[in-house]
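Trainee: need a structure here:
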Amino acid sequence: MKYRTYPKTDISVSEVGFGLWTTSTGWWGEMTDDGAVELLREALDLGVTLFDAADTYGNGRSEEQLAKAFSDRRDRVVYSTKFGYDFYTYAGERKGQQEIPHDFSPAFVRYALEQSLRRLQTDVIDIYSIHNAHLSEIENDELFALLESFKTEGKIRSYGTALGPAIGWLVEGCESSKRRNVTNVQMIYNALEQFPGNAMIRAANEAGADTGFQIRVPHSSGMLEGRYTVDTTFPAGDHRNHRPRQWLINGVKKVETLRFLEEPGRTMGQAAIQWLLAEPRVMSVLPNIYDREQLVEFATASDTPRLSEHELARVAELFANNFGVDEEPGKYKGTMSYDDVVKTRATASV
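Mentor: Alright, predicted model coming up:
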């Protein structure tokens, strides 16, 4: 495993991290807490040090799993977690990834922080992020003053934004760097889905920001693991069952054009991670891990051969031509251009 340090901080993280959405939510199959703890500890043994949770994952379950796994070795791991959803009030059963209301009032955010600290059994959270931030949160001076006060109080080491719930929120990601210079932005980004992530990274570069990025969905919902075929089926309850069949057919075609990235000692899934690690602003990649086989493959990706300039250029060329697949343009949620901001504000002022 190799490690990277967030700019202007002493927060060092493994190039491959572990997102606890797979162990705590049931969206990728059910896992017991004992099974999760075993997998998390094995990840640390393999060199993984960044563990990303959220207070709303399993209504606190992901943070509790971290405490069970690492309360006796807290100094060896980096905790990244998120806040914003009021699951305390809206704690009923949710279907799939259905959203519940946010609350960013100072009283609620402080309460949420204290509850996360309690569940994590720690005095400080290393990276504390606004969960699925909208532009109104990025522009909320009171919220960012509160986050700064948490740093002063020693309850968090840094803060950032986590963007979603689907690919989107381009403006929020750009403004997180340009306006707020946050330590971390967590976003969806992978070789198949490079927009809007590439625009967010470009904005951070243009602003000279100190922002690093955590990458979620690095394998495009498993597509870039290279194992899907047009006949692949997913278990009942798996979030991928909600995707149209054309997503699977087109995705398989695209991945076939990337097979040149496979080589002895580097699988397609590992190459997908190395493509991301070619970007210096990427601090850690958070693949979906739900069994030991995946954990070992992805945790060892950091030590596989880096992609060459030729390979990177070839991927860029393929992406520019949509990997030779004719399909409808992607549909996005959120504010996907600064024109959208202008239009929304103009509508609101009428």
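Trainee: now Thr229. Nearest residue, chain neighbours left out?
Mentor: Spatial nearest neighbour of Thr229, excluding adjacent residues (CB to CB, 6 or more residues apart in numbering): Val252 at 6.2 Å. For the C-beta atoms, the positions are set from N, CA and C on the backbone; glycine is no exception.
Trainee: need the phi and psi values for the residue most central in space within the chain.
Mentor: The centroid of the chain falls nearest to Arg216 when counting by CA atoms, centre = their mean (3.0 Å). Here is the backbone geometry of Arg216 (degrees, to the nearest 10): phi -110, psi 160.
Trainee: try Phe51
Mentor: Main-chain dihedrals, Phe51, degrees, to the nearest 10: phi -120, psi 120.
Trainee: that one reaches Val78, doesn't it?
Mentor: Yes - counting by CB atoms under 8 Å, Val78 is a contact partner of Phe51 at 7.0 Å.
Trainee: one step back: I'd assumed Tyr228 was in contact with the residue nearest to Thr229.
Mentor: Yes - the pair Val252 and Tyr228 qualifies as a contact (CB under 8 Å) at a distance of 5.6 Å.
Trainee: who has more neighbours, Phe51 and Val78?
Mentor: The neighbour comparison of Phe51 against Val78 (other CB atoms under 10 Å) goes to Phe51, with 27 against 20.
Trainee: picking that back up, where does the residue nearest to Thr229 land in three-state SS?
Mentor: Assigned by DSSP: H, G, I helix; E, B strand; the rest coil, the conformation of Val252 is helix.
Trainee: try the one 3 residues further on
Mentor: Recorded secondary structure, Val255: helix (three-state DSSP).
Trainee: quick one, strands of the stretch 201-350 of the chain?
Mentor: Listed in chain order, the strands of the stretch 201-350 of the chain (DSSP state E, counting those that start in this stretch) span 212-216, 282-286.
Trainee: from Glu193, how far off is Ile201?
Mentor: Separation of Ile201 from Glu193 (CB to CB, to the nearest Å) stands at 14 Å.
Trainee: between those two, which has more neighbouring residues?
Mentor: Counted by other CB under 10 Å, Ile201 and Glu193 do not tie: Ile201 has more neighbours, with 23 against 19.
Trainee: identify the residues contacting the residue nearest to the more buried one when sequence neighbours are not counted.
Mentor: Excluding its sequence neighbours, the residue lying closest to Ile201 (CB to CB, 6+ apart) is Arg281, at 5.5 Å. Arg281 sits next to 201, 204-205, 211-213 when contact means CB atoms under 8 Å, 6 or more residues apart in numbering.
Trainee: same check, this time on Glu99
Mentor: By CB under 8 Å, 6+ apart, Glu99 lies in contact with 85, 132, 165.
Trainee: quick check: longest helix of the protein.
Mentor: Secondary structure of the chain read by DSSP state H shows that its longest helix is helix 106-120.
Trainee: which is the succeeding secondary structure element to that one?
Mentor: Downstream of helix 106-120, the first helix or strand assigned by DSSP states H and E is strand 127-131.
Trainee: tell me the angle of that next one relative to helix 106-120?
Mentor: 130 degrees (axes from the mean of the first three to the mean of the last three CA atoms, to 10 degrees).
Trainee: got a list of contacts for strand 127-131?
Mentor: Strand 127-131 is touched from outside by 11, 54-56, 78-85, 102, 104, 113, 116, 137, 143, 147, 150, 156-162, 183-184, 186, with contacts defined as CB under 8 Å, 6+ apart.
Trainee: now, the residues you listed that are in strands?
Mentor: 78-83, 159-162, 184, 186 (DSSP state E).
Trainee: quick check, nearest of these to Leu66?
Mentor: Tyr79 (6.4 Å; CB to CB).
Trainee: check contacts around the closest one.
Mentor: Listed by CB under 8 Å, 6+ apart, the contact set of Tyr79 reads 51, 53, 66, 120, 122, 125-127.
Trainee: turn those into JSON lines, columns for pLDDT and distance to Tyr338.
Mentor: Formatted as JSON lines, the contacts of Tyr79 follow (pLDDT from 0 to 100; distance: CB to CB, whole Å):
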{"residue": "Phe51", "pLDDT": "98", "distance to Tyr338": "35"}
{"residue": "Ala53", "pLDDT": "98", "distance to Tyr338": "32"}
{"residue": "Leu66", "pLDDT": "98", "distance to Tyr338": "37"}
{"residue": "Leu120", "pLDDT": "98", "distance to Tyr338": "37"}
{"residue": "Thr122", "pLDDT": "98", "distance to Tyr338": "39"}
{"residue": "Ile125", "pLDDT": "98", "distance to Tyr338": "32"}
{"residue": "Asp126", "pLDDT": "98", "distance to Tyr338": "32"}
{"residue": "Ile127", "pLDDT": "99", "distance to Tyr338": "27"}
